[in-house]
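# Let's see this in three dimensions:
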Amino acid sequence: MQHEPERDARPLNARQTYLRLGVIGTILLASGAAFAYVGGWLDPQRLTPDRVVDALEAKSGVHPGFRRNHAKGVCVVGHFESNGSAHALSTAAVLASGKTPVVGRLALPGGNPVVPDASVPVRSFALLFKSPNGEQWRAAMNNIPVFAVATPQAFYDQQVATSPDPTTGKPDPQRVQAFFAAHPETAAFRAWAKTAKPSASYATESYYSLNAFYFVDAQGKQQPVRWRLAPLNAAAASAAQPQHDGNFLQADLLQRLEQGPLTWRLLVTLGTADDPTNDATKEWPEDRPTVDAGTLVITSGVPQDEGPCRDVNYDPTVLPQGIAISDDPLLPARSAAYAASYERRTREGPHQGAMISPHPTLPERTQ
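Residues are numbered from 1 along each chain as shown. Sure thing, here's the model as predicted:
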């Protein structure tokens, strides 16, 4: 049997030592460069989750413990009653016939927790479905049929362009105009915004997924989908708070819930191979088939300070088996930015609530 050759036990000379140190140094340098790239240190202009969150803070100010977007909201609790109609398209347990508990959050856009409810027409609805098998489906929706921009970079540029000027406390009209001129894809959103009026109730709004997803069936077939929540409580508020009261949306919601549950139909639109799945600024044709997947039932609401939604990160890429993200670039970017926002606010500790003054002022821009 042959013996392994003996290893050379002679000490390394200086040249060999330097070569080995050089190899080790190269490996360490490469590893450090990889971490630096991820962190954005090598290229300060590269868009990172922290830069996106920084832009949101610059626009709305820093409010410790609050979300950097959709800071003002209210928690809701209820369940989803699936009728099983969409289960053939997706193996997700939440779409099988039966009830699934949900923890939701209705909110306004922006990072200012004291913004008046009537200041913007956009409302959002985030949901966390908790299936018996332990899987979760987290959805983040808005009451707009299309998103303003199609890419993370455009979203960042929009935040920068619409941030208040430190000298005036308001966005620079020329900078805003220049942004929209450079982004014609915003036309559909701008057309909606021109006629949209702030609603007096969360309960009367429809909420859209905006991004496309895939339902995956038992055979692995992927069906492109978008979904929306259509209200079944569309009557006007019986006693909505006056518009000068910055908290009328929460007051209306809690009053309605005292009278009974609030309900929405979950309507799933089925796309075709010709429908864009990577562009949230484009609507799909109205003739696409829609599946009524069941009813969302909200039974109670509580202020977000101590409510069950307070510590939930409504990351829309947290999905159960049977639902998958599409190629929309906004989805991974939203996930990363949500995580950065969540890390900041949880590090700061829970917020202590925020009350609206009769004449709220805009927060100063942070540097």
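# So which other helices or strands are in contact with the longest strand along the chain?
In the chain, with assignment by DSSP state E, the single longest strand is strand 290-303. Here strand 290-303 touches strand 73-82, strand 98-107, helix 248-259, strand 262-270, going by 3 or more Cβ pairs under 8 Å, 6 or more residues apart in numbering; DSSP states H and E. From N, CA and C alone the C-beta is placed, and that goes for glycine too.
# ok, of these, where does mean pLDDT dip lowest?
Sorting the helices and strands packed on strand 290-303 by mean pLDDT places helix 248-259 lowest, at a mean of 95.
# What is the distance between that one and the centre of its chain?
24 Å (Cα atoms, centre = their mean, to the nearest Å).
# Show me what counts as buried in it.
Across helix 248-259, burial judged by 16 or more other Cβ atoms under 10 Å covers 248-253, 255-257.
# Could you export those as CSV, including distance to residue 118?
Listed next are those as CSV, based on distance: Cβ to Cβ, whole Å:
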residue, distance to residue 118
248, 8
249, 9
250, 13
251, 13
252, 12
253, 15
255, 17
256, 18
257, 21
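# Residue 59 sits in which helix or strand?
Assigning secondary structure by DSSP states H and E places residue 59 in helix 49-60.
# which residues are contacting that helix?
Contact with helix 49-60 is made by 40, 68-69, 71, 110-112, 152, 155-156, 159-160, 162-164, 333, 336-337, 339-341, 344, 363, 365-367, as judged by Cβ atoms under 8 Å, 6 or more residues apart in numbering.
# Drop anything exposed from those residues.
The buried subset of the contacts of helix 49-60 - by 16+ other Cβ under 10 Å - is 68-69, 71, 110-112, 152, 155-156, 159, 162-164, 333, 336-337, 340-341, 344, 363, 365.
# quick one: which of the helices and strands packed on strand 290-303 is nearest residue 213?
Minimum separation from residue 213 across those (Cβ to Cβ) falls at strand 262-270, 9.6 Å.
# Please enumerate residues in contact with the closest one?
Strand 262-270 has contacts (Cβ under 8 Å, 6+ apart) with 80, 86, 89, 203, 206-207, 215, 223-233, 253, 256, 284, 288-298.
# Among these, the buried ones, what's the PyMOL command?
Filtering the contacts of strand 262-270 down to the buried ones (16+ other Cβ under 10 Å) takes a single PyMOL command:
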select buried, resi 80+86+89+203+206+207+215+223+224+225+226+227+228+229+230+231+233+253+256+284+290+291+293+294+295+296+297+298
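# From the structure, what's the count of residues near the closest residue to residue 232 other than its chain neighbours?
Residue nearest to residue 232 in three dimensions, not counting chain neighbours: residue 263, with 4.3 Å by Cβ to Cβ, 6 or more residues apart in numbering. The number of residues packed near residue 263 is 18, by other Cβ atoms under 10 Å.
# Which positions are bridged to residue 263 in the beta structure?
In this entry, residue 263 is beta-bridged to residue 297, by DSSP bridges.
# Return the distance of it relative to residue 194.
Distance, residue 263 to residue 194, using Cβ to Cβ, to the nearest Å: 30 Å.
# Tell me both backbone torsions, phi and psi, for the residue nearest to residue 64 when sequence neighbours are not counted.
Closest residue to residue 64 apart from its sequence neighbours, by Cβ to Cβ, 6+ apart: residue 348 at 4.2 Å. When read as degrees, to the nearest 10, the backbone of residue 348 gives phi -80, psi -20.
# With residue 337 instead?
For residue 337, the backbone dihedrals (degrees, to the nearest 10) come out as phi -70, psi -40.
# for it, what are its contacts?
By Cβ under 8 Å, 6+ apart, the contact set of residue 337 is 49, 52-53.
# Quick one: neighbours of residue 275, just the number.
17.
# dump the residue contacts of it.
Contacts of residue 275 by Cβ under 8 Å, 6+ apart are 212, 224, 284-285, 288.
# so where does it fall, helix or strand?
Residue 275 is part of no helix or strand when elements are defined by DSSP H and E.
# quick one: pLDDT of it?
Looking at residue 275, its pLDDT stands at 98.
# Name the nearest residue to residue 327, sequence neighbours excluded.
Spatial nearest neighbour of residue 327, excluding adjacent residues (Cβ to Cβ, 6+ apart): residue 278 at 4.6 Å.
# and that neighbour, how far is that from residue 222?
In terms of Cβ to Cβ, residue 278 sits 14 Å off from residue 222.
# Also residue 314?
Distance of residue 314 to residue 222, computed by Cβ to Cβ: 24 Å.
# since we're on the residue nearest to residue 64, how many residues are nearby?
The tally of other residues near residue 348 (other Cβ under 10 Å) stands at 13.
# what do you get for residue 173?
For residue 173, the neighbour count with other Cβ under 10 Å is 9.
# Next: the one 5 residues further on.
Here the neighbour count serves as a burial measure; for residue 178 (other Cβ under 10 Å) it reads 12.
# do the same with the one 10 residues further on
By the measure other Cβ under 10 Å, the count of residues near residue 188 is 16.
# what's in contact with stretch 126-134?
With Cβ under 8 Å, 6+ apart as the criterion, stretch 126-134 contacts 70, 80, 92-94, 100-105, 107, 136-141, 296, 309, 312, 314, 320.
# what ranges do the helices span in this structure?
For the chain, the helices defined by DSSP state H occupy 14-39, 49-60, 152-161, 173-182, 187-195, 248-259, 330-348.
# Residue 305: which of those helices is closest?
Ranking those by their distance to residue 305 (criterion: Cβ to Cβ) puts helix 248-259 first, at 11.5 Å.
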